[in-house]
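Student: quick one: sequence and predicted model below, then my questions.
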Amino acid sequence: MVKISPTGIPVRANRSVKRWLSDHLDACLDSLGRFVLSPLQTLITLLVIAVALCLPSMLYMLVKSVESGMVNIQQSADVSVYFSPGIDEETSLQVQSKILSLESVSAARFLSPDRALQEFKEFSGLGEALTELSENPLPATLLVTPDVDQDIDALIRTIESFEAVDQVQFDFIWLQRLRALLEVVDQIALVLAALLGTGVILILGNTIRLEIESRREEVAVVKLVGGTNAFVQRPLLYTGVWFGLLGALIAWFLTNLFAWAMSKPLDSLGQLYLRDLSLVGLDSLELLVLLVLGIFLGWLGAWIAAARHLSAIEPG
Amino acid sequence: MIQFDSVSKRYPGGYEALKNVSFQLPQGEMCFLTGHSGAGKSTLLKLIMLMERATQGQVICQGVNLARISKKHIPYHRRRIGVVFQNHSLLNDRTVFDNVALPLLVSGAPYQETGRRVRAALDKVGLLTKEKKLPVQLSGGEQQRVGIARAVVHKPDLLLADEPTGNLDPELSADIMKLFADFNAVGVTMLIATHDVDLIRRMGRAEIKLDSGRLAVP
């Protein structure tokens, strides 16, 4: 079967799927093989692409790691609710059940004044000195554990409105500030990714343009013997895809290298704060996203360059 | 096979390379296109290859009005024509075999057929033993024959040649012309631009003569 154009010229022989695949495989391997012809130039271009992809992915990893660390911290961050002096245990327990019925609360533990004093003795290291006190200065206390990701400020305001409650304390306001800060960093990572992604497209566009320039004569000859734009363009698009894919792989390697290099100093920092601090490297799904992104950017850069410069080359 | 009706070609900048040229080249004919350099021979061939388009008049090739062929379909038009240049236009980083196979490669011909046809074409021009060589390892005459093998490998009905013997000595030129005559004998229509007057006289073939872009009586 041959398609006939309106002018009566046969325009495309029916190519089998097998042949189509093998043509693409040829172009794919051919463009990879060309990397060997100018190894240094190829390496430099790959590194530029890798660095461009690696900066946003490192930032992303940083945000992700701090966020997961924050969840751990917040899980241990209770809101302390102090009752007014002289409130009896029954009233306290009523307040406890009210607080427990709030949606944003996952647990509320009651500490009687005696129990609170006992715990204070144990953890403060002032044990013996405290036995000298004539009466227990501690009020009855509720330790309220909020659900993760809840609006703590609103919760605190609600609890403060209960009559028997004297004071509500939450020592982790800084957590919320950090969270807000992380959102800013997240945005910066996005903007940076968009800018550097554009950079990758431009770098590849230029690389492909130079490649087209150096193959000018070849392109003209191929067009003269009836090669279509698609035929000439195919190996160039694969060149872009290879650059994107290999660049993304190097970026992945660099990002995880960064995570590994940071693990020791972060560990010491974490020990100072009794917290588990670590950078979580990119998992396989994130690696996949990075590779697909690299391939897409490479292809797009090559496509733009090919569309702009190939049709300008005509034999003669 | 080829028909020019009052064709003119004016290049951007105003230079008029062809002025009101009309002629017919019947199928199976072997014809020389002559004239001093700058007379418009190359332009005429470029119009047939759709490397340029006529500014006036009609060019009809193999029954198709070339003005109706869109840019997208130009490659398919070129696949039906073989073309030989003075400067060979070979790819120097590919072997003789790959150079000759190029027209088959771009049109997606089956691989088994490619090998068979390339060797047949190389055999015809007497270079079967050099298929693995690079063009630069061949002499000028041999390179020209590789170019000819490439022009005929896909069995076109029409073969165009632009000064195919320009850089060759008389003996090699005669060899090349003998080859062309052989292709013509099996039915290929030929249009050969040349200024080698002796050669044309010896061949005794039809002649289209151009003078400053106009058709001249030979």
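Tutor: Cool, got the structure. Note that the coordinates shown come from a computational prediction; the quantities given were computed from them, not determined experimentally.
Student: for A:Asp166, give its distance to A:Leu190.
Tutor: 45 Å (Cβ to Cβ, to the nearest Å). Where you see a C-beta, it was placed from the backbone N, CA and C, and this is true even at glycine.
Student: equivalent analysis for A:Arg234, please.
Tutor: 33 Å.
Student: quick one: which of the two has more around it?
Tutor: Comparing A:Arg234 with A:Leu190 by other Cβ atoms under 10 Å in any protein chain shown, the one with more neighbours is A:Arg234, at 19 against 13.
Student: could you say which helix or strand contains that one?
Tutor: helix A:229-272 (DSSP states H and E).
Student: for B:Gln58, same thing?
Tutor: strand B:56-61.
Student: now tell me which helix or strand of chain B has the poorest mean pLDDT.
Tutor: Ranked by mean pLDDT, DSSP states H and E, the weakest helix or strand in chain B is helix B:197-203, scoring a mean of 79.
Student: just the residues contacting that one, thanks.
Tutor: With contact meaning Cβ atoms under 8 Å, 6 or more residues apart in numbering or on different chains, helix B:197-203 is reached by B:Met30, B:Phe32, B:Thr34, B:Thr165, B:Pro170, B:Ser173, B:Ala174, B:Met177, B:Ala181, B:Thr194, B:Glu207.
Student: following the longest helix along chain B, which helix or strand comes up?
Tutor: The single longest helix within chain B, with elements called by DSSP state H, is helix B:170-185. Per DSSP H and E, the first helix or strand lying C-terminal to helix B:170-185 is strand B:189-193.
Student: contacting residues around the residue nearest the centre of chain B?
Tutor: Geometric centre of chain B, nearest residue: B:Leu160, 2.0 Å, by Cα atoms, centre = their mean. Neighbouring residues of B:Leu160 by Cβ under 8 Å, 6+ apart: B:Leu45, B:Ile48, B:Met49, B:Ile81, B:Gly82, B:Val83, B:Val84, B:Met190, B:Leu191, B:Ile192, B:Ala193.
Student: do B:Thr194 as well
Tutor: B:Phe32, B:Leu33, B:Thr34, B:Ala161, B:Glu163, B:Pro164, B:Thr165, B:Gly166, B:Ile200 are the contacts of B:Thr194 under Cβ under 8 Å, 6+ apart.
Student: how about the helices in chain B?
Tutor: Going by DSSP H, chain B shows helices at B:41-49, B:74-78, B:96-106, B:111-124, B:140-152, B:170-185, B:197-203.
Student: how about a markdown table for those, with mean neighbour count added?
Tutor: Shown next, in a markdown table, are the helices of chain B (neighbours: other Cβ atoms under 10 Å in any protein chain shown):
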| stretch | mean neighbour count |
| --- | --- |
| helix B:41-49 | 23 |
| helix B:74-78 | 22 |
| helix B:96-106 | 23 |
| helix B:111-124 | 16 |
| helix B:140-152 | 24 |
| helix B:170-185 | 16 |
| helix B:197-203 | 14 |
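Student: lowest average pLDDT across the ones you listed?
Tutor: Lowest mean pLDDT of those: helix B:197-203, a mean of 79.
Student: the helix holding A:Arg234 vs helix B:96-106, what angle?
Tutor: 90 degrees (axes from the mean of the first three to the mean of the last three Cα atoms, to 10 degrees).
Student: just the mean pLDDT for helix A:229-272, thanks.
Tutor: Predicted confidence along helix A:229-272 averages 88 (mean pLDDT).
Student: equivalent analysis for stretch A:189-206, please.
Tutor: Average pLDDT, stretch A:189-206: 91.
Student: residues of it that come out buried?
Tutor: For stretch A:189-206, burial by neighbour count (16 or more other Cβ atoms under 10 Å in any protein chain shown) applies to A:Ala189, A:Leu192, A:Ala193, A:Leu196, A:Gly197, A:Gly199, A:Val200, A:Ile201, A:Ile203, A:Leu204, A:Gly205.
Student: among these, which lie within helices?
Tutor: Judged by DSSP H, helices contain the following of these: A:Ala189, A:Leu192, A:Ala193, A:Leu196, A:Gly197, A:Gly199, A:Val200, A:Ile201, A:Ile203, A:Leu204, A:Gly205.
Student: so A:Val79 bridges to which residues?
Tutor: A:Val144 (DSSP bridges).
Student: neighbours of it, how many?
Tutor: 21.
Student: surely it meets A:Val168?
Tutor: Yes. Under the criterion of Cβ atoms under 8 Å, A:Val79 makes contact with A:Val168 at 6.3 Å.
Student: what's the overlap in contacts for these two?
Tutor: With Cβ under 8 Å, 6+ apart as the test, A:Val79 and A:Val168 both reach A:Ile156, A:Ile159.
Student: pretty sure A:Asn206 sits against A:Ala305.
Tutor: Yes. Counting by Cβ under 8 Å, A:Asn206 touches A:Ala305, with 7.4 Å between them.
Student: what's the pLDDT at A:Ser76?
Tutor: 62.
Student: before we move on, what about A:Arg15?
Tutor: 66.
Student: of the contacts of B:Leu160, which is the most crowded?
Tutor: B:Ile192 (29 neighbours).
Student: that residue reaches B:Leu33, doesn't it?
Tutor: Yes. B:Ile192 is in contact with B:Leu33 according to Cβ under 8 Å; the separation is 6.6 Å.
Student: quick one on the thing from earlier: now the residue nearest to the centre of chain B: closest residue in space, sequence neighbours ignored.
Tutor: B:Val83 (4.8 Å; Cβ to Cβ, 6 or more residues apart in numbering or on different chains).
Student: report pLDDT for the one you found.
Tutor: 93.
Student: now do the contacts for it.
Tutor: Applying Cβ under 8 Å, 6+ apart, we find B:Val83 in contact with A:Leu224, A:Val225, B:Leu45, B:Met49, B:Ala151, B:Leu159, B:Leu160, B:Ala161, B:Asp162.
Student: what about A:Glu163, distance to A:Gln94?
Tutor: Using Cβ to Cβ, one obtains 10 Å as the distance from A:Glu163 to A:Gln94.
Student: these two: who's more crowded?
Tutor: A:Gln94 (12 against 8).
Student: name the helix or strand for that one, please.
Tutor: In this structure, A:Gln94 sits in helix A:89-101 according to DSSP H and E.
Student: what of A:Val81?
Tutor: Applying DSSP H and E, one finds A:Val81 within strand A:79-83.
Student: now do that strand: everything it contacts.
Tutor: Contacts for strand A:79-83 (Cβ under 8 Å, 6+ apart): A:91-92, A:95, A:99, A:139-146, A:152, A:155-156, A:159, A:164-170.
Student: run the last query once more with 6 Å
Tutor: The contact list for strand A:79-83 (Cβ atoms under 6 Å, 6 or more residues apart in numbering or on different chains) reads A:92, A:139-142, A:144, A:159, A:164-170.
Student: could you dump the residues you listed into TSV and include secondary structure?
Tutor: Below are these laid out as TSV (DSSP: H, G, I helix; E, B strand; the rest coil):
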residue	secondary structure
A:Ser92	helix
A:Pro139	coil
A:Ala140	coil
A:Thr141	strand
A:Leu142	strand
A:Val144	strand
A:Ile159	helix
A:Ala164	coil
A:Val165	strand
A:Asp166	strand
A:Gln167	strand
A:Val168	strand
A:Gln169	strand
A:Phe170	coil
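Student: looking at neighbours, which among those residues is most surrounded?
Tutor: Busiest of those [other Cβ under 10 Å] is A:Ala140, holding 27 neighbours.
Student: which one of the buried residues of stretch A:189-206 is nearest to A:Glu213?
Tutor: Using Cβ to Cβ, A:Gly205 is the member of the buried residues of stretch A:189-206 that sits closest to A:Glu213, with 12.5 Å.
Student: now for the closest one: which residues touch it?
Tutor: A:Gly205 neighbours (Cβ under 6 Å, 6+ apart): A:Gly301, A:Ile304, A:Ala305.
Student: for A:Ala306, see how far away it is.
Tutor: 9 Å.
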